[in-house]
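*Asks:* Need a 3D model of the following:
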Amino acid sequence: MSTAGGTTGTTETPEQPPGKRKFTFPSALTVLAVVTIAIWLLAFLIPSGEYDRNGEGAPVEGTYQRVDSGQSFVDRLNDLFLSPVNGLYGIQDPKTALVSPDNSGDLYGSAGVFLFVLAIGAFITVVFATGALDRGIGRLAHRLRERGALLIAGVMVVFSVLGTVEGFAEETLGFYGLIVPLMLALGYDRMTAVGAIILGAGVGVLCSTVNPFATGVASSAADISLGDGIALRFVMWIVLTGVTVAYVIQYARRVRRDPERSLSGFLPGDRDRDETASGADGAAEVPELTALHKGVLVATALVFAFMIFSVVPWASALTGDADATPYGWELDWSFPQLAALFLVAAVLVGIVARMGEQKLSSTIIQGAADFVSPALVILLARGVTVIMNNSKITDTVLHAIEGVVKGTSSGIFAIIVFVVNLPLAFLIPSTSGHATLAMPILAPLADFAGVSRAVVVTAWQAASGWMNLWVPTTAVTIGGVALAKVGYDKYLRFVWPLLAILFVLICVFVALGAAFT
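*Replies:* Below you'll find the predicted structure:
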């Protein structure tokens, strides 16, 4: 999952000779630790200042003024020391606006999001432990094995749906052993399999609708509902997924007609496979879905459908009025309720799958443990914003950027947000950490530009998703090409025209979204 693992995993590489060790990009935790110290040091140089706030707590444009932070060196040192703690459950004093774990006031830390990440980690791990999702996708691929284009489209759409709903990314690494032989048996090449897997899931994550690790974390940091902006993201998902599927199918057909045009080439034995191949060298028979597996898949679909229902502001979505009075049946759930939902759902899926108390308990614990890394990334990033808040430099940074975007049209502003986040997505490959760090600055900027904060969330996640389609710092990309035995340089040659197309489409969508909202 793109944020579940923070897209920071690495694949094993051969040992380098002494003195010739290959540079490995640091993990998201290391990057954020360095960012924390850097921001703490910069806070001594950046002047303190603040805006006047309106009734909703948003900064009022044109009211910025320099102020004294009132912090001693010891106070600042204490903020650095407690930054991870404040990032988890720091409390903001309503009078001084300072954040500390000992204050009384509103929760400023990310405890709700932290627990939600652990809960959904437990749920997803239980689902995968049943084998239902793997077998379901395997059955789809096998049943469509004699209809190549439909197989490619089917696999990519399923992966894209999983990507847009729950950030399906690292999990795709387990499907190369199935998809690569199938594609070769149908007369395609290894690059076709890589494109179907990486781009299928990747475009879904890029256009996340309710992905909790991208849209969810960013919406929380921007102080908006997870359902805000879902209509724009849904249309964007349909269009970009369609374009991506068509791109891969077009390449696959070209290779099938003329194998010499393959960008990846063929390994010995690749061209000897035929459509009836089976066993280790071909499209092996996939076991049937049992009633138990079908029950798990139905339960999983219902859980995500209910999550979508619970977070969408239906009155606003159906009337087009952002201030519409919520319907009586709207739930308006947030992260505490969603965390509880996925914990209960994990237990229910385990019961449906007849896992037994011991196995279910250990699987839930293992799932939560596997997701501690992205959860820690979130609280570390939130800790950085606490340092900025307590030293009163957040508004100073906001004021500096305000001067840059002031006077730009709403559409240009949305495109700027997208472009600015591209290098940030490379430096902070964890989408959840990137969101928690950037949104406190980007969201108020949207207010100044007269643009919906939901558009900023969409532009931000598009930048993160676009970068993660190709950067070598993601396990999904570098691990995928390694498993498929395709050179990374060849993958870049294959994907760059699509990246250019997606870049233009994203700019169009966020600009139109800003104009219409």
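*Asks:* Only C-alpha atoms from now on, for both contacts and neighbour counts.
*Replies:* OK.
*Asks:* Now for Ala97, how many residues are close by?
*Replies:* Using other C-alpha atoms under 10 Å, Ala97 is surrounded by 14 other residues.
*Asks:* That should have said Met236, apologies.
*Replies:* Neighbourhood size, Met236 [other C-alpha under 10 Å]: 24.
*Asks:* Now Val377. Nearest residue, chain neighbours left out?
*Replies:* Excluding the flanking residues, the one nearest Val377 by C-alpha to C-alpha, 6 or more residues apart in numbering is Gly433, at 5.3 Å.
*Asks:* List the residues that contact the one you found.
*Replies:* By C-alpha atoms under 8 Å, 6 or more residues apart in numbering, the residues touching Gly433 are 6, 28, 32, 374, 377-378, 380-381.
*Asks:* Those residues in helices, which ones?
*Replies:* Mapping these onto helices (DSSP state H) picks out 28, 32, 374, 377-378, 380-381.
*Asks:* How far off centre is the helix or strand in which Val126 is found?
*Replies:* Val126 belongs to helix 111-129 when elements are defined using DSSP states H and E. Chain-centre distance of helix 111-129: 15 Å, with C-alpha atoms, centre = their mean, to the nearest Å.
*Asks:* hmm, back to that, now the residue nearest to Val377: how far from Pro374?
*Replies:* Gly433 is 8 Å from Pro374, where distance means C-alpha to C-alpha, to the nearest Å.
*Asks:* quick one on the thing from earlier: from the ones in helices among the contacts of Gly433, which would you call buried?
*Replies:* Among these, those classed as buried by 16 or more other C-alpha atoms under 10 Å are 28, 32, 374, 377-378, 380-381.
*Asks:* ok, the residue nearest to Val377 to Val504 distance?
*Replies:* Using C-alpha to C-alpha, Gly433 is found at 26 Å from Val504.
*Asks:* what does Ala301 give?
*Replies:* Separation of Ala301 from Val504 (C-alpha to C-alpha) stands at 33 Å.
*Asks:* can you pull out the strands in the chain?
*Replies:* Applying DSSP state E to the chain gives strands spanning 49-50, 65-66, 91-92, 99-100, 106-107.
*Asks:* got a list of what the closest residue to Arg382 other than its chain neighbours touches?
*Replies:* Closest residue in space to Arg382, ignoring its immediate chain neighbours: Gly87 at 4.5 Å, by C-alpha to C-alpha, 6+ apart. Taking C-alpha under 8 Å, 6+ apart, we find Gly87 in contact with 108-111, 378-384, 386.
*Asks:* and if you look at Leu140?
*Replies:* Residues in contact with Leu140, defined by C-alpha under 8 Å, 6+ apart, are 151, 154-155.
*Asks:* and Phe335, what is it in contact with?
*Replies:* In this structure, Phe335 makes contact with 112-113, 116, judged by C-alpha under 8 Å, 6+ apart.
*Asks:* Which pLDDT does the model give it?
*Replies:* Phe335 is assigned 79 on the pLDDT scale.
*Asks:* Please report the distance of the closest residue to Val113 other than its chain neighbours from Ser225.
*Replies:* With sequence-adjacent residues excluded and distances taken as C-alpha to C-alpha, 6+ apart, Val113 is closest to Phe335, at 5.9 Å. Look at Phe335 and Ser225: by C-alpha to C-alpha, they are 10 Å apart.
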